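Below: sequence and its predicted model.
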Amino acid sequence: MRGIRSAGMVLAFALLTALPAPGQEKETAPNFKLKNAAGEAVELSKLHGKVVVVNFWATWCGPCRAEIPGMLDIYQKYKGKGLEIVGISVDRDGWGAITPFVKKLNITYPVVLGNGEVTDAYGGIEAIPTTFFVDRNGRVLQRHVGYMSRDDFEKAVRSFL
């Protein structure tokens, strides 16, 4: 029992990288310019002035699929207050897998196809979902690895808006 509890604590610590300590500089979020299904570029630097959630996900990822409905709810609720979400799919099957999935879930925030360059720029995405919260000035406020409940997602968004 003790080993399980310790492993859980280590996992919980690894899953959430909190805000930098007071006085520490927040890192600038790596810019990206990726295309959506229509071939239009979505560029992080063009979203300056908004709180941006950068969510790495895939259609085959159970936790990713589970958190999207809550993200959609929060996006609808807060997009008028300066929230933007960009879903970066890491699906190897590309748009053939992504497009029907986006339509089925009626995902209204921008979805783009990621690549090795963007995952490397964000520190090497080792597990999905991985979510970054970026402030209005383009600095990373928080990184979360793993499923995020609707309530936890909303708390984070509210605290950063």
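Alright, I've got the coordinates.

quick one, helices of the chain?
Using DSSP state H, the helices of the chain run over residues 2-15, 62-78, 95-105, 116-121, 150-160.

From the contact counts, what lies against the third one?
In other words, helix 95-105. With contacts taken as 3 or more CB pairs under 8 Å, 6 or more residues apart in numbering; DSSP states H and E, helix 95-105 sits against helix 62-78, strand 111-113. Glycine gets a C-beta too; all of them are placed from N, C-alpha and C.

returning to what we had before: by mean pLDDT, show me the worst of the helices of the chain.
Lowest mean pLDDT within those: helix 2-15, at a mean of 34.

On the pLDDT front, check residue 26 for me.
So residue 26 comes in at 77 (pLDDT).

hey, what's the residue lying closest to it once chain neighbours are set aside bridged with?
Counting by CB to CB, 6 or more residues apart in numbering, the nearest residue to residue 26 once its immediate chain neighbours are dropped is residue 139, at 3.9 Å. Beta-bridge partners for residue 139, by DSSP bridges, are residue 28.

list the contacts for residue 139?
By CB atoms under 8 Å, 6 or more residues apart in numbering, residue 139 lies in contact with 26-29.

ok so, going back, the helices and strands packed on helix 95-105 into CSV, with extra columns for distance to residue 94?
Converted to CSV, the helices and strands packed on helix 95-105 look like this (distance: least, CB to CB, whole Å):
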stretch, distance to residue 94
helix 62-78, 16
strand 111-113, 6
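
Out of those, which is closest to residue 154?
helix 62-78 (5.1 Å; CB to CB).

which residue is nearest the centroid of the protein?
residue 55 (1.8 Å; CA atoms, centre = their mean).

What distance do you get for that one to residue 61?
Distance check for residue 55 against residue 61: by CB to CB, to the nearest Å, it reads 11 Å.
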